[in-house]
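# Predicted model, plus sequence, below.
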Amino acid sequence: MTSEPGRENDARRRLIDQAGPDQALGAEVRSYHGQPVIKEPVWTWEIPMYFYTGGLAGASAGLALLSEVQGNDVLARRAWAVASAGIMVSPALLTSDLGRPARFLNMLRMFKVTSPMSVGSWILTLSGAATTVGAANSLLGLFPRLGRVAKPAAALLGLPLSTYTGALLANTAVPVWHEARWELPLVFASGAALSAGALSVIATPPPAAGPARRLALGGAVAELGLNEAMKKRLGPHGDPYRDGQGSAFGNLSRIGVATGAAVLAWQGQRSRLGAALGGTLLSAGAAAARWSIFRAGFTSASDPQYVVGPQRAGIERGTRRGAARTQARVAEPDDRAGSALTAGR
Amino acid sequence: MSLQTHAWPSTYGAESRPRVGFFTDTSICIGCKACEVACKEWNQIPMSIQGFTGKSLDNTVDLGANTWRHVAFVEQSLPADARDNGGDLVRAAQAGAAIDAGVQTYQEGDGFRWLMASDVCKHCTHAACLDVCPTGALFRTEFGTVVVQEDVCNGCGYCVPACPFGVLDQREGDGRVWKCTLCYDRLKDDQEPACAQACPTNSIQFGELGELRERAEHRLAKLQDAGQDKAQLYLADDEDGIGGGGAFFLLLDDPEVYGLPPDPVDTRRDVGEIWAAAGVAAVALGGAIAAAVFGGRR
């Protein structure tokens, strides 16, 4: 991770300025040889890719069910196909990221609400079964009775499937993720709506694709707006979005989403080609947004200024307690504790 | 003082043992790295990268999958006329008070000092790694410590960014995460952990946590008395962000100087908010899909 020193100093200055004038005079955030305080995640490309495919599958199942209820079978069948594709790729991506892929079933040894990954593993498992049955019913006519239960289940489970991933990132010590705990699930929900809409728009003839188009456009507006809101509220914590891959992929995402939405709004109803182009741009934008959020976490974790700065500033301001104290809780020093060698076992 | 965790001693009943931990008194650390070596040997940890980092005498760099004890080396040059604590330190040393108090890390004369500290897994009262582990590989032992079961861990890596101290990491070529077990095997045989046994100055003190905390308070009072006014106890309180550490430290400067976070927080504290946000977002997504399908013109 390289960054221009000027920008880095600006970032540090902002962190210090937040602490008030006393701290601002005190120069830099102190660190141990500039070493990171927390570890960067060990997750690889499969994880942000899964954020995309999981959300895509989840929101597509909802779109498929409701289109079916509305009687739009042309759209419903295609949305079920998208949902089943997304849900089949997802576990493969997650398993491939494991350090010990053969032990993927250990994910279902327990159910733990303190672990969004545990809850998510169960959601994905159940949603995977329901979506597969639902899609098989819609596309192949299999499971006529089971399908009636599986489809609503897939649509309902698809909603938390699209948002728990935001909770998963927020539930870490990485400041840029943890401090965005209110926004991240919403951002992921927008991305899910946007990509589900976009893929169905690509696959469906324009006259039947109205709901998918509206979902894609609504998701695009929400994604752009929520990302900005998140960065605004993060303040100095959000600096990893202003630098490096977090910034580069954020820009790519905004370009993709904005132009894709424009093309779709303008040509989506008239031309199949326009719809396909708009949908592809939107979809690429949604994937780039996942990557931007993912990489920003690495930047946030790897630089002690992002971890130590806000903690120290909070302690100076009196808003955080801190984990160290200089006041002893005994009045008198005990001579027995005075010497290294008598303090022993 | 309450030293109870979510799972200790309640889930162990009669099998629970006193909660044990480390009190690391960095004021008497001489930077010999015997703890690093003893830990590697006893736990048969693979070799770490060998090389010269240029970071003082520290070529170990940080805690990780193959480093469960890490000795930090900080070189500080404090001019004698500094208006802050640097001047006090020099004066205290000149008066011999620091030496009487047994501060080993100070070199007299030109205001230059070494800070050395042996870092380790904190065995938190509220342990984020344990809370986020989806497989249950991480668990709370009958001694109140936190251990990874190597036969269960599937290398999902969630604990790695969840730990507020950056203790856990995935081992290359192995895929699982590894960290200090507080020598669980030795505890079961009533032996003290290898690092504590190897420490020649008793900077690493092993024992029952309540007793260690009491000892640490007296030591802090003694150092404050000797003019070490930046001396501080770190992770010695139930009220801090992790509910206190099973391993805690007496430091001679702020935690971040040693690479430790000044206010670590277990992410479980916010997990209610986090789930609420995910729930709100899920409902909003459902509403958006319904609006897109039913809200349009024909």
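On my side now, so go ahead.
# Got the phi and psi for residue B:48?
Here is the backbone geometry of residue B:48 (degrees, to the nearest 10): phi -100, psi 170.
# wait, what's in contact with the closest residue to it other than its chain neighbours?
Distances taken as C-beta to C-beta, 6 or more residues apart in numbering or on different chains put residue B:66 closest to residue B:48, at 4.7 Å, once the chain neighbours are dropped. All C-beta spots, glycine's among them, are computed from the backbone N, C-alpha and C. Contacts for residue B:66 (C-beta atoms under 8 Å, 6 or more residues apart in numbering or on different chains) come out as B:45, B:46, B:47, B:48, B:171, B:178.
# Relative to residue A:95, how far out is residue B:66?
Distance, residue B:66 to residue A:95, using C-beta to C-beta, to the nearest Å: 25 Å.
# now do residue A:164
18 Å.
# neighbour-wise, which of the two wins?
Counting neighbours by other C-beta atoms under 10 Å in any protein chain shown for residue A:164 and for residue A:95 shows that residue A:164 has the greater number, 28 against 17.
# quick one: the more buried one and residue B:277 touch, right?
No - assessed by C-beta atoms under 8 Å, residue A:164 is found out of contact with residue B:277, at 10.5 Å.
# residues shared between the contacts of those two?
residue A:185.
# Quote the end-to-end distance of stretch A:134-149.
8 Å (C-alpha to C-alpha, to the nearest Å).
# which residue is nearest the middle of the chain?
Because you didn't say which chain, this covers chain A. Centroid-nearest residue in chain A: residue A:166, 4.2 Å away (criterion: C-alpha atoms, centre = their mean).
# Actually, chain B is the one I wanted.
When C-alpha atoms, centre = their mean is applied to chain B, the residue found nearest the centroid is residue B:122 (3.3 Å).
# Over to it. Which of the three states is it?
Here residue B:122 is coil, with the state taken from DSSP: H, G, I helix; E, B strand; the rest coil.
# And for residue B:249?
Applying three-state DSSP: residue B:249 is strand.
# Give me the contact status of the helix or strand where the residue nearest to the centre of chain A lies with chain B.
In the assignment (DSSP states H and E), residue A:166 maps to helix A:144-170. Yes - using C-beta under 8 Å from any C-beta of the partner chain, helix A:144-170 comes into contact with chain B via A:159, A:160, A:162, A:163, A:164, A:166, A:167, A:168, A:170.
# Now pLDDT and distance to residue A:303 too, for those residues, in TSV please.
Formatted as TSV, the residues of helix A:144-170 next to chain B follow (pLDDT from 0 to 100; distance: C-beta to C-beta, whole Å):
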residue	pLDDT	distance to residue A:303
A:159	98	35
A:160	98	33
A:162	98	31
A:163	98	28
A:164	98	28
A:166	98	23
A:167	98	24
A:168	98	22
A:170	98	19
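# Which parts of the stretch 151-298 of chain B are helices?
Secondary structure of the stretch 151-298 of chain B by DSSP state H, counting those that start in this stretch: the helices cover B:159-162, B:184-188, B:194-198, B:209-225, B:271-294.
# The stretch 51-200 of chain A now?
For the stretch 51-200 of chain A, applying DSSP H, counting those that start in this stretch gives helices covering A:73-97, A:116-140, A:144-170, A:175-178, A:184-203.
# Which residues does the shortest one contact?
Contacts made with helix A:175-178 from outside it, assessed by C-beta under 8 Å, 6+ apart, are listed as A:169-172, A:184, A:234, A:237-238, A:240-241, A:246, A:293, A:296-297, A:299-300, A:306-307, A:310, B:267, B:270.
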